[in-house]
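Asker: predicted model, plus sequence, below.
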Amino acid sequence: MADTERQRTRARAWAAEVDAARRRAGLLLPGGLADRTAWLGRLISEWALAEVAPGRLLPWLPVAYGIGIALYFAADREPAAPAAAALAIAGAATAFVARRRAVPFAMALGFAGAAAGFATATLQTARIDHPVVRFQTAATITGYVEVREERARSDRIVVSVQHIEAFRLNPAPQRLRVAVRKGTAPAVGSFVTFKAHLAPPLEPLRPGGYDFARDLYFQRIGASGYVLGSIKTALPAQAPGLSLRYAALLDGMREAINQRIHALLPGDRGSIATALITGKRNAISDPVSDAFYVSSLAHVLAISGYHMAVVAGIAFFFVRAVLALIPGLAVRRPIKKWAALAALGAGAFYLVLSGASVSTQRAFIMIAIVLIGVMIDRPALTFRTIAIAAFVVLLFTPQAIVHPSFQMSFAAALALIAAYQFGLPWRADADTPHAVRIALWGGREIFALVMASLVAGLATTPYSAYHFHRLAPYGVLANLLAMPVISAWVMPMGILGVLTMPLGLDAVFWRLMGDGIDWMIIVVLWVAHLPGAVGHIHAFGTGPLLLATAGLLLLCLLRSPLRWSGAVLAVAAGMWVLALPRPDVIVASDGQAAAIRDSDGKLAVLHNSRDNFAIKEWLMADGDGRDPKDAGLAGEVRCDAVGCIGRLADGRLVSFALSVEAFAEDCARAAIVISPREAPGACTATLVDREVWRFSGALTLRRSGDRFVVNAARPPGYERPWAHGTVEPAPAARAAPDATPRPVDREAGD
């Protein structure tokens, strides 16, 4: 009670001081409109000056640093490393010169942070520069297996190439990733020889879609494909390097744990258990995996701050409890600090065991800062904690900023810290009789869980909608039902299983863990089948996402009433998304598939001669929950031996020409002609043939009056290390030069 009264006294004193300052500045009781405008300007200036006070700028440094990295990835061409480094030096010099003036220093510091982030990303790309294949080919490969991934239908391996033989393979990749038959993947560290079909890393399946090639480039993977025949192992001419031996040792340990778990927990139970313990989650069946995403519990499968906190927390309290049983140590020694050191070691072991993903790195850094704060008697759950964690992650892996794992984990952590520091009800006075009674009933813990789920869910909604085109209306319900069991039962049993595994006493703990996982599966499947459980939303560009991110940062990092401007930006981002038009025609990057928007406003598959991967992505991006195998996706499209034809909502025809003979008729009748071939001659329709899509990648076309606005995955002049362009300009979707052309605009993209 005394502490609470002192806090209230300080709050009243602070309010009185602010009121007096505003009265002295003439900020109260304004008169006319001019006076009120001046009053508002002075008030906003006062708030702005408070936001750049000493100690307030540190959380904004990683934000500026991240903006610089984002600008690097937004560039059409690769920046010159010396120019980027010079810009960073100039930014640092500017900040040093302006250090004695508050507002100029804040602006200069932001510029310096952005320039440093831009230079970091540029230098990182130059450092890992490696060849990327340009054409499909068959090859004979010899090399070391560096990574092995278990999946639901097949497995994958990443191979460090020692020797490769192939026709038309220039340049040769240094590392590649290939799919293998289920259960045939060699162990990490194996020296293997096999034949494979190789292709360039997959391009975006639609303009603005996820860039798989960029992701693989930063993993130093220059080709992907699948194995032809069997894989042969052999003895290498020389022993593998230290890093490969370490990877083999770690993978062997993880694989031993996984095999033990699957022997006792078959099916999805074992796959979820391995996801929680070793981070290998690709073997979960599609229905259960989708249910985790729909119910907003997918964060449980990706090892992040929650898992790291549970592991470190259990280690901390267990070690401290054991040491407290020894009176001599409990009285004379700092057993709390010893327990923090043990918890730090447990977190480091879990980081290594789980594969050290970006979200796990962020979680470990934050947990490490908190535990080090305990060891040096300093509180550490602050914005500075997450700022340091973000800066460290971006310094070593700047490419993480475009990955959904980074965006969602930091958004959730930032929102939770802000909610904690700004005083959500779980920090309310616990000394009142009603509060004590509620706490004894567990009401406070339940309320805190609900609020934490709500805050984290709202913070991650823009990123979930952008990357996965889904909303989770029942996320709070699923978290409320599942998280207590995961925290109090599933994770502790898993930790005990790992600890007792060397003694052979682990079986009972894995089975108990499986019982808790059964409850998780029941919850996610039940929630996923509730009415309206799947909230589909159509794809939108980076503009609304950046606006929503700015709103989140303002709401969380500002302390004055200016922070409510973040809510305005968040609402504006949502309205922007709802106002965006959707494309009328989509063409795959290889010209083999296309879809149109017909009279009912839904996509109809115009042609698809390959698998349904691209069609599935298009439907998800359109906010359409239909299955790609649904026969109704053809709509009113009609096909024959030479091609297919469909009708847009305005009645204009779109053709997919499969043969040379189809061009003559379709070019005269259709508004748009699409083909995997190259047109033999002139065409009066808007033409998307081989000459167009092989330069531009995937395309979308949108009606705008009599025009078709074209958006390309690779705009003209786009040239990055992971997406090589061509020396000749990419042609627009074209019309015949000897006929009256249909007007076509080219759009830079969202």
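Answerer: It's in.
Asker: for residue 344, give its distance to residue 686.
Answerer: 62 Å (CB to CB, to the nearest Å). In short, each C-beta sits where N, CA and C put it, glycine included.
Asker: who has more neighbours out of these two?
Answerer: residue 686 (27 against 21; other CB atoms under 10 Å).
Asker: let me see the domain layout of the chain.
Answerer: 2-47, 60-127, 137-240, 257-333+405-536, 542-577, 585-747 (automatic domain parsing).
Asker: redo those domains as CSV? Include mean pLDDT.
Answerer: Shown next, in CSV, are the domains of the chain (pLDDT from 0 to 100):
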stretch, mean pLDDT
domain 2-47, 56
domain 60-127, 92
domain 137-240, 89
domain 257-333+405-536, 82
domain 542-577, 92
domain 585-747, 79
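Asker: residue 361 is nearest to which of the ones you listed?
Answerer: domain 257-333+405-536 (9.5 Å; CB to CB).
Asker: and the closest one, end to end?
Answerer: Criterion CA to CA, to the nearest Å; first-to-last residue distance in domain 257-333+405-536 is 37 Å.
Asker: rewinding a little: pipe the domains of the chain into a markdown table and attach distance to residue 371 per row.
Answerer: What follows is the domains of the chain, written out as a markdown table (distance: least, CB to CB, whole Å):
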| stretch | distance to residue 371 |
| --- | --- |
| domain 2-47 | 25 |
| domain 60-127 | 21 |
| domain 137-240 | 30 |
| domain 257-333+405-536 | 7 |
| domain 542-577 | 24 |
| domain 585-747 | 38 |
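Asker: of the ones you listed, which is nearest residue 385?
Answerer: domain 257-333+405-536 (7.4 Å).
Asker: now for the domains of the chain, which one comes closest to residue 392?
Answerer: Nearest of the domains of the chain (CB to CB): domain 60-127, 9.2 Å.
Asker: check which helices and strands the strand or helix carrying residue 571 sits against.
Answerer: Secondary structure assignment for residue 571, by DSSP states H and E: helix 565-579. Applying 3 or more CB pairs under 8 Å, 6 or more residues apart in numbering; DSSP states H and E, one finds that helix 565-579 contacts helix 443-468, helix 542-557.
Asker: how about it: buried residues?
Answerer: Across helix 565-579, burial judged by 16 or more other CB atoms under 10 Å covers 566, 569, 570, 573, 574, 576, 577.
Asker: what's the closest non-adjacent residue to the third one?
Answerer: Excluding its sequence neighbours, the residue lying closest to residue 570 (CB to CB, 6 or more residues apart in numbering) is residue 551, at 3.7 Å.
Asker: cool, the second one as well?
Answerer: For residue 569, the nearest residue in space outside its immediate sequence neighbours is residue 551; the separation is 3.4 Å by CB to CB, 6+ apart.
Asker: the one you found: what's it in contact with?
Answerer: Residue 551 makes contact with 565, 566, 567, 568, 569, 570, 572, 573, according to CB atoms under 8 Å, 6 or more residues apart in numbering.
Asker: please apply the same query to residue 642.
Answerer: 657, 658, 659, 661, 662.
Asker: and for residue 488, the neighbour number?
Answerer: For residue 488, the neighbour count with other CB under 10 Å is 12.
Asker: and it, how far from residue 151?
Answerer: In terms of CB to CB, residue 488 sits 31 Å off from residue 151.
Asker: with residue 330 instead?
Answerer: 50 Å.
Asker: and what of residue 515?
Answerer: Residue 515 is 26 Å from residue 151, where distance means CB to CB.
Asker: now the most centrally placed residue in the chain. Nearest residue, chain neighbours left out?
Answerer: By CA atoms, centre = their mean, the mean C-alpha position of the chain lies nearest to residue 404, the distance being 0.6 Å. Among residues not flanking residue 404 along the chain, residue 467 sits closest, at 4.2 Å (CB to CB, 6+ apart).
Asker: ok, the one you found - contacts?
Answerer: Contacts of residue 467 (CB under 8 Å, 6+ apart): 210, 404, 407.
Asker: what helix or strand does the last one sit in?
Answerer: With secondary structure defined by DSSP H and E, residue 407 is part of helix 404-421.
Asker: so what does that helix touch, helix or strand wise?
Answerer: helix 305-324, helix 358-375, helix 383-396, helix 443-468, helix 542-557.
Asker: what about residue 705, how many residues nearby?
Answerer: By other CB under 10 Å, the residues close to residue 705 number 7.
Asker: again with the one 3 residues further on
Answerer: Neighbourhood size, residue 708 [other CB under 10 Å]: 23.
Asker: please apply the same query to residue 397.
Answerer: Using other CB under 10 Å as the criterion, residue 397 is surrounded by 15 other residues.
Asker: ok, residue 502 next?
Answerer: The burial count for residue 502: 8, using other CB under 10 Å.
Asker: residues touching it, list them.
Answerer: Counting by CB under 8 Å, 6+ apart, residue 502 has no contacts.
Asker: look up how far residue 273 lies from it.
Answerer: Counting by CB to CB, the gap from residue 502 to residue 273 is 18 Å.
Asker: can you check residue 91 too?
Answerer: Counting by CB to CB, the gap from residue 91 to residue 273 is 48 Å.
Asker: what does residue 183 give?
Answerer: Taking CB to CB, one finds residue 183 at 19 Å from residue 273.
Asker: looking at the two, which one has more neighbours?
Answerer: Neighbour count, other CB under 10 Å: between residue 183 and residue 273, residue 273 has more, with 26 against 8.
Asker: ok, residues contacting stretch 196-204?
Answerer: Residues from elsewhere that reach stretch 196-204 (CB under 8 Å, 6+ apart): 132-139, 141, 166, 169, 173, 176, 178, 210-213, 216-217, 221-228, 589, 697-698, 713-714, 722-723.
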